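Peer 1: Kindly return the folded structure for what I paste below:
(one chain, ligands or ions: 1)
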Amino acid sequence: MRKLRPIMFVGTASDVGKSVITAGFCRIFKQDGYQPAPFKAQNMSLNSYATPDGLEIGRAQAVQAEAAGIACHTDMNPVLLKPTNDKSSQVILNGKPIGNQSAYDYFMGNNRAELFTAVKQAFDRLSNQYSPVVMEGAGSISELNLKHRDITNLRMAQHAGAATYLIGDIDRGGLFGSVYGTIALLTPEERSIIKGIIVNKFRGDARLFEDGRRMLEELTGVPVVGVLPYFRDIFIEQEDSVSLEQKFRSTVAGKVNVAVVLLKRLSNFTDFDRLERDPRVNLFYSNQPDELRKADIVILPGSKNTIEDLLTLKNNGVASAIVSAHKDGKTVIGICGGYQMMGERIDDPDHLESAIESIPGLGLLPVRTVLQPTKTTQQRQFTYQQQTARCVGYEIHMGETTVLGTSNPVAYLDNGLADGYRHSHRCWGTYLHGILDNDVVINDLLTDYSTQQSESPFDFQKFKDQQYDRLADVIRANIDMDQVYATLHV
Ligand SMILES: NC(=O)CC[C@H](N)C(=O)O
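Peer 2: Reported below is the predicted structural model:
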């Protein structure tokens, strides 16, 4: 294996584009014949993924692994925090839940020494197998009050000996202040590992920024290795639900209108990326009963807090809008938490997700769910209904759902078990995240609403692969890769 030093991308703030740039560099190193792997010590997100060995990691690292052309592993993201409510998160360590914030407090004692040891071990295992490790920091690196117990940013970069690049976001403004300030607040040792600055999200002709670039270099003494354009035409999965805000839309005439119910703790919104790209479909997120009523298909997505999110829907009129959509003959489907909500009742006797022990469901499906301390995290292969095509998806849930009466599954898993409940063609629920990435499922969902057949089957995997290549092209065109490589030779 050709060896390079690890490289790390850190930010002046959150949402400056670290995860996308990390994914792009994973693809570049793969194209250049290296064996890269992504790493982020700690991620906070409700989008997660199941690894091939049945463990859970943040979705962003799974995406970056895909860009690197390798299977994902928990060593790429040893700590994942999944916010269940405003005060507490479920803590996933090396792929398994170790409890909620209270357990986390325990780990935080002693300035999180145990967690830091665990993430360093994960990094070391990864760097024995791959090179370069392409690392991502979290949020901003200048949160001085948190620095002594940081396990994700510069302490991790120092452990790894990573050539570190600071990303600033010019679109949100304040670039000079944030980049200059961030570097000024570093200790001399920390400063010595910062090898370059990347200006991200530049709109317009980057040549206009030449003066700015020189000023930034003079101010900080650190080279600006590139200015990346603001682009929206390359599809890379987003990790934050901040991006959902930009998707708020309503119905469109002449399209199959699909409404995804916007939940406070919506998890795995990547479930809808493929459907959103179908030319027959107008997909929008909404929590407005009137907008939901206008849709042809209503989808209840996953939730990290099924009971509290359902309670909100009951209070804001969305629950009755969904039930009346169903009565009016529209399609209503649920995925994971949404499937649980469609049933008769949900119980949480151990208060895994909230203080509320039990809530009646929407009563659309004869199933009942009890949240259990052991979590299912599995990649799945399955067949859908009577179709023979092999489909893929994954499960991530605490809930165990039982069918009251005769079963009528949505899908048949490769392990011989059945999944979900199908009340009718227009009313069903499943635990399978990613089910809507499969053509046979999408075509079945849309048959009642569109005479158009999808042209050629849409190969989502191939599409994503092309997008990683396009991302790599944009980075190569705007970042001086020779300069970057010069900092990586061991
Ligand atoms: N991903 C999900 O929707 C999970 C649903 C629910 N919170 C559970 O853990 O069972």
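Peer 1: buried residues in stretch 437-454?
Peer 2: Residues of stretch 437-454 classed as buried: D437, N438, D439, V440, V441, I442, N443, L445, L446, Y449, S450 (neighbour count, 16 or more other C-beta atoms under 10 Å). C-beta: built from backbone N, CA, C; applies to glycine.
Peer 1: Looking at this protein, which strand is longest?
Peer 2: strand 367-384 (DSSP state E).
Peer 1: and that one, how far out from the chain's middle?
Peer 2: Here the centre of strand 367-384 is set off from its chain's centre by 19 Å, with C-alpha atoms, centre = their mean, to the nearest Å.
Peer 1: May I see the buried residues of it?
Peer 2: Of the residues in strand 367-384, 367-371, 375-380, 382-384 count as buried by neighbour count, 16+ other C-beta under 10 Å.
Peer 1: Adjacent strands (with direction) for it?
Peer 2: strand 345-347 (parallel), strand 391-403 (antiparallel), strand 411-413 (antiparallel) (DSSP bridges).
Peer 1: what's next to whatever helix or strand comes next after the first one, contact-wise?
Peer 2: Same thing as strand 345-347. The helix or strand immediately downstream of strand 345-347 is strand 358-360, counting by DSSP states H and E. Strand 358-360 is contacted from outside by I307, L310, L311, E344, R345, I346, D347, D348, using C-beta atoms under 8 Å, 6 or more residues apart in numbering.
Peer 1: Which single residue in the stretch 51-200 of the chain comes nearest to the ligand?
Peer 2: Nearest to the ligand in the stretch 51-200 of the chain, going by C-beta to the nearest ligand atom, is T84, at a distance of 8.3 Å.
Peer 1: ok, that residue touching S303?
Peer 2: No: contact criterion C-beta atoms under 8 Å: T84 and S303 do not qualify, at 9.8 Å.
Peer 1: Now list whatever residues contact both of the two.
Peer 2: R265.
Peer 1: who has more neighbours, those two?
Peer 2: The neighbour count for T84 versus S303, taken as other C-beta atoms under 10 Å, is higher for S303 (28 against 20).
Peer 1: what pLDDT does that one get?
Peer 2: Note for S303: predicted pLDDT of 97.
Peer 1: Look up the closest residue to it, ignoring the ones flanking it.
Peer 2: G337 (3.3 Å; C-beta to C-beta, 6 or more residues apart in numbering).
Peer 1: List the residues that contact that neighbour.
Peer 2: Taking C-beta under 8 Å, 6+ apart, we find G337 in contact with L263, S267, L300, P301, G302, S303, K304, T306, D309, H397, G399.
Peer 1: closest one to P188 among the strands paired with strand 367-384?
Peer 2: Relative to P188, the nearest member of the strands paired with strand 367-384 by C-beta to C-beta is strand 391-403, separated by 43.4 Å.
Peer 1: Confirm that G24 lies within a helix, as I assumed.
Peer 2: Yes: under DSSP: H, G, I helix; E, B strand; the rest coil, G24 falls within a helix.
Peer 1: My understanding was that it contacts R470; is that so?
Peer 2: No: here G24 lies out of contact with R470, judged by C-beta under 8 Å, at a distance of 9.3 Å.
Peer 1: Quick check on the two: which one has the bigger neighbour count.
Peer 2: More neighbours surround G24 than the other of G24 and R470, with 28 against 17 (other C-beta under 10 Å).
Peer 1: Quickly note the distance from the more buried one to the ligand.
Peer 2: To the ligand, G24 is 28 Å away according to C-beta to the nearest ligand atom, to the nearest Å.
Peer 1: what's across from the residue in the stretch 301-450 of the chain that the ligand sits nearest to in the sheet?
Peer 2: Closest approach between the stretch 301-450 of the chain and the ligand, counting by C-beta to the nearest ligand atom: G302, at 2.7 Å. G302 has these beta-bridge partners by DSSP bridges: S267.
Peer 1: With just CA atoms, put stretch 296-312 into PDB.
Peer 2: Provided in PDB are the C-alpha atoms of stretch 296-312 (Å, rounded to 0.1, in the frame of the first residue of the first chain):
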ATOM      1  CA  ASP A 296     -51.400  12.000  -3.800                       C
ATOM      2  CA  ILE A 297     -49.100  10.100  -1.600                       C
ATOM      3  CA  VAL A 298     -48.300  10.900   2.000                       C
ATOM      4  CA  ILE A 299     -45.200   9.300   3.600                       C
ATOM      5  CA  LEU A 300     -44.600   9.100   7.300                       C
ATOM      6  CA  PRO A 301     -40.800   8.900   7.600                       C
ATOM      7  CA  GLY A 302     -38.500   7.600  10.400                       C
ATOM      8  CA  SER A 303     -38.300   9.300  13.700                       C
ATOM      9  CA  LYS A 304     -35.800   9.200  16.600                       C
ATOM     10  CA  ASN A 305     -38.600   9.900  19.000                       C
ATOM     11  CA  THR A 306     -41.700   8.200  17.600                       C
ATOM     12  CA  ILE A 307     -44.000   8.900  20.500                       C
ATOM     13  CA  GLU A 308     -43.300  12.600  20.900                       C
ATOM     14  CA  ASP A 309     -43.300  13.200  17.200                       C
ATOM     15  CA  LEU A 310     -46.700  11.400  17.000                       C
ATOM     16  CA  LEU A 311     -48.000  13.500  19.800                       C
ATOM     17  CA  THR A 312     -47.100  16.600  17.900                       C
END
